[in-house]
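**Student:** sequence below, structure please.
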Amino acid sequence: MISWPEELISDLARRKCIIFLGAGISMNSENISHRRPKSWKGFLEDAISEISPNKHIKTLINKFDFLTACEIIKSKLDRERFNTIILDEYLTPGYIPAEIHTHIYNLDSRIVMTPNFDKIYETCASNISSGSVQIKSYSDNDVAEAIRRPNRLIIKAHGTIDLPDQMIFSRAEYAEAKVKYKNFYTIFEALIITHTFVFIGCGLNDPDIKLLLEDYSYRFKCARNHYFVIPKKTIHRDEETVLKSAMNLKFITYNPDNHHKELTDSLKELSEIVNNKRDDLAKSQNW
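**Tutor:** So this is what the prediction gives:
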């Protein structure tokens, strides 16, 4: 089981954390036919089956340059066909939230952010909360207003499958969003400064994450760490040392065997620990 840092438990209990959910969390889900959502890499590998020649695109994918690969794929396929492929992968299958989604919800973080296009976590949260969780996208003009309210909030940092033309999926879309929706990135930056982020199921190659964390680390050298939960042996210890310094991160590792069961079990335990901590804080009034 994961040994969760006491500082993280305290921040979660005081609702000073923002949980950032990557594609790895969605991949725990299945539909009734036991189909699971593909990773970004897997989705792109399937998409190029309709493109010939595609050797160069395969090379980009193998180099983890997903933004450029996606840009080329979109240029080779017409808009309608590309959107159909996305919908067929992330909406039509009807993925059912997994146990891990419930444990994440039970951490009762007021704000959850995700770059995932699918609706798996928000379906889980909406069902448990009887629809009382607010859901906002990077393109909404009232994200700041929603953050200031006491309601539970899910922020879709790259858009949602409901609006495929507004999803941030390629290099050009990233560049456009940075300019067109600069207020959202100002909000994102403010949250990085004021809250402790816990990244779960994420890759270290997400451009938003890298840019914001590197900037945070450089500008606020004495600031507290954020947390990145990853499987053991994901990165070499030398690379981990560099990333800790460059991005002001603490890595929390777990055994990924048996479909990442240790992570699911550890998140369940964490939710219990955090709720007990909240009971203690309520008694002491030391919020």
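**Student:** so where's the stretch 151-287 of the chain shaky on pLDDT?
**Tutor:** Scanning the stretch 151-287 of the chain for pLDDT under 70 picks out 208.
**Student:** rerun at 80
**Tutor:** 204-212, 217-218, 220-222 (pLDDT under 80).
**Student:** for the stretch 51-200 of the chain, what spans make up the helices?
**Tutor:** Under the criterion DSSP state H, counting those that start in this stretch, helices of the stretch 51-200 of the chain are mapped to 55-62, 66-76, 79-90, 99-106, 120-128, 143-148, 171-180, 182-194.
**Student:** tell me the most buried of these?
**Tutor:** helix 99-106 (a mean of 21; mean count of other Cβ atoms under 10 Å). Backbone N, C-alpha and C define where each C-beta goes, glycine included.
**Student:** so what touches it?
**Tutor:** 19, 21, 25, 28-29, 112, 120-121, 124-125, 128-129, 200, 260, 263-264, 267-268, 270-271, 275 (Cβ atoms under 8 Å, 6 or more residues apart in numbering).
**Student:** quick one, strands of this protein?
**Tutor:** 17-21, 111-114, 134-137, 153-156, 196-200, 226-231, 249-254 (DSSP state E).
**Student:** how about those in TSV, adding mean neighbour count?
**Tutor:** Formatted as TSV, the strands of the chain follow (neighbours: other Cβ atoms under 10 Å):
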stretch	mean neighbour count
strand 17-21	25
strand 111-114	23
strand 134-137	20
strand 153-156	24
strand 196-200	22
strand 226-231	22
strand 249-254	18
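**Student:** which one, of those strands, ends up nearest to Phe64?
**Tutor:** Of all the strands of the chain, the one in closest proximity to Phe64, counting by Cβ to Cβ, is strand 226-231 (15.2 Å).
**Student:** what's that closest one packed up against?
**Tutor:** In terms of contacts (3 or more Cβ pairs under 8 Å, 6 or more residues apart in numbering; DSSP states H and E), strand 226-231 is packed against strand 196-200, strand 249-254.
**Student:** that one pairs with which strands?
**Tutor:** Here strand 226-231 has these sheet partners by DSSP bridges: strand 196-200 (parallel), strand 249-254 (parallel).
**Student:** that one to strand 17-21, inter-axis angle?
**Tutor:** Between strand 226-231 and strand 17-21, the angle comes out at 40 degrees (axes from the mean of the first three to the mean of the last three Cα atoms, to 10 degrees).
**Student:** what sits against Ile252?
**Tutor:** Contacts of Ile252 (Cβ under 8 Å, 6+ apart): 2, 4-5, 227-230.
**Student:** which ones are touching the closest residue to Phe251 other than its chain neighbours?
**Tutor:** Among residues not flanking Phe251 along the chain, Phe228 sits closest, at 5.3 Å (Cβ to Cβ, 6 or more residues apart in numbering). Neighbouring residues of Phe228 by Cβ under 8 Å, 6+ apart: 199, 202, 204, 249-252.
**Student:** pipe these into CSV and attach distance to Lys283 per row.
**Tutor:** Output for those, formatted as CSV (distance: Cβ to Cβ, whole Å):
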residue, distance to Lys283
Phe199, 31
Cys202, 35
Leu204, 40
Leu249, 33
Lys250, 29
Phe251, 33
Ile252, 28
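**Student:** can you pull the contacts of Pro93?
**Tutor:** Pro93 neighbours (Cβ under 8 Å, 6+ apart): 31, 33, 35, 37.
**Student:** between the contacts of Phe228, which sits nearest Arg15?
**Tutor:** Phe199 (17.6 Å).
**Student:** give me the neighbour count for the spatially closest residue to Phe117 that is not a sequence neighbour.
**Tutor:** Leaving aside its sequence neighbours, Phe117 sits nearest to Ile161 (Cβ to Cβ, 6+ apart; 4.5 Å). Ile161 has 18 neighbours, counted by other Cβ atoms under 10 Å.
**Student:** quick one: Ile161 and Ser284, what's the gap?
**Tutor:** 44 Å (Cβ to Cβ, to the nearest Å).
**Student:** and what of Leu77?
**Tutor:** With Cβ to Cβ as the criterion, Leu77 and Ser284 are 59 Å apart.
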